[in-house]
Structures are given as C-alpha cells and as structure tokens.
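Chemist: here is my input, please return the structure:
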Amino acid sequence: MATQVEARDVSELTPELLRELMVEQDMTLQAVGDRYGVTRAYIGQIAKRFGGIKRRESWWTGDQIRMLRERYGLKQFQMARLLDVADKTESGYETGTIIPKVETCRRLDELEQELSRI
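Modeler: The predicted model follows:
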C-alpha cells in the first residue's frame with residue numbers, strides 16, 4: 001500500500017515513509033537523500049535510528065557480504081565483478097553506506113550457493 005502523503009522536508013520522514021521509499025519504490029539511500037536535499041549518509045543515519053530498513057526478508061548486511069567474500073578469499077573488486085556492480089558500490093555494501101537492491105540480494109543468495117559447491 002503506497003503512502004498518499006509525502007514528507008515535504010527530511011524532518012517529516014517517518015519510518016513508514018522511509019520504508020515505502022526504500023522497499024516499495026526500491027530507492028537507494030542516495031536517491032532518498034537527493035529527493036530531500038541531504039546526503040545519503042544522513043539518510044543512512046535516519047534509517048539506523050529507525051532500527052534499520054530492510055529491503056526484503058533475506059536482506060544481506062554489510063557484515064554478511066564481507067564475511068561471504070572473505071570466506072572464499074575474494075577481494076572486493078572480485079566480489080564486485082561477480083555481483084556486476086562497481087567496486088565502490090561493493091565497498092559501500094560492506095560499510096553499510098549503500099543498501100543492496102533486491103536484485104543484488106538475490107544474486108548474493110545465488111552466489112553463496114554457487115561458491116559453497118566449490
């Protein structure tokens with residue numbers, strides 16, 4: 001269900017609105033920040049204050065992504081290639097400044113299964 005009223009400024013962001021923007025509309029922290037005229041880091045801090053915004057049930061945290069990469073001896077640039085994202089994006093996943101999109105989470109699920117068979 002989409003929210004009918006959108007916040008006019010960042011101080012009016014509620015957990016529900018932020019969740020809708022990031023989950024239902026699949027917006028990144030950067031896109032939400034651009035919409036409200038603040039940095040993605042600031043939106044990330046707001047999301048953390050709200051207890052985190054999960055984009056899907058089997059959401060991958062930065063720590064989980066880093067541990068998967070390290071478990072199989074991969075460098076960040078190698079993991080980025082496997083996920084088909086830029087090196088900086090993969091680094092952002094691990095530091096928590098970028099939340100992986102749904103497609104990336106699915107790819108991480110697949111990648112974990114593929115790597116476990118090696």
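
Chemist: mind listing what's buried in stretch 103-118?
Modeler: Neighbour counts over stretch 103-118 (16 or more other CB atoms under 10 Å) mark 104-105, 107-108, 111 as buried. Glycine gets a C-beta too; all of them are placed from N, C-alpha and C.

Chemist: cool, stretch 10-25 as well?
Modeler: Applying 16+ other CB under 10 Å to stretch 10-25 flags 13, 18-23 as buried.

Chemist: just stretch 86-106 next, same as before
Modeler: The neighbour-count criterion (16+ other CB under 10 Å) identifies 89-94, 96-101, 104-105 as the buried residues of stretch 86-106.

Chemist: cool, stretch 69-79 as well?
Modeler: Neighbour-count burial for stretch 69-79 [16+ other CB under 10 Å]: 69, 72, 74, 76, 79.

Chemist: hey, C-alpha coordinates of the helix or strand encompassing Glu16 in CSV?
Modeler: Using DSSP states H and E, Glu16 sits in helix 15-19. This file holds the C-alpha atoms of helix 15-19, laid out as CSV (Å, rounded to 0.1, in the frame of the first residue of the first chain):
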residue,chain,number,x,y,z
PRO,A,15,9.8,5.0,9.5
GLU,A,16,6.8,4.1,7.3
LEU,A,17,7.6,6.6,4.6
LEU,A,18,11.3,5.8,4.5
ARG,A,19,10.4,2.1,4.3
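
Chemist: against which helices or strands is it packed?
Modeler: Helices and strands touching helix 15-19, as assessed by 3 or more CB pairs under 8 Å, 6 or more residues apart in numbering; DSSP states H and E, comprise helix 40-49.

Chemist: give the helix, strand or coil label for the residue nearest to the spatial centre of the chain.
Modeler: By CA atoms, centre = their mean, the mean C-alpha position of the chain lies nearest to Ile99, the distance being 0.9 Å. Following DSSP: H, G, I helix; E, B strand; the rest coil, Ile99 is assigned to coil.
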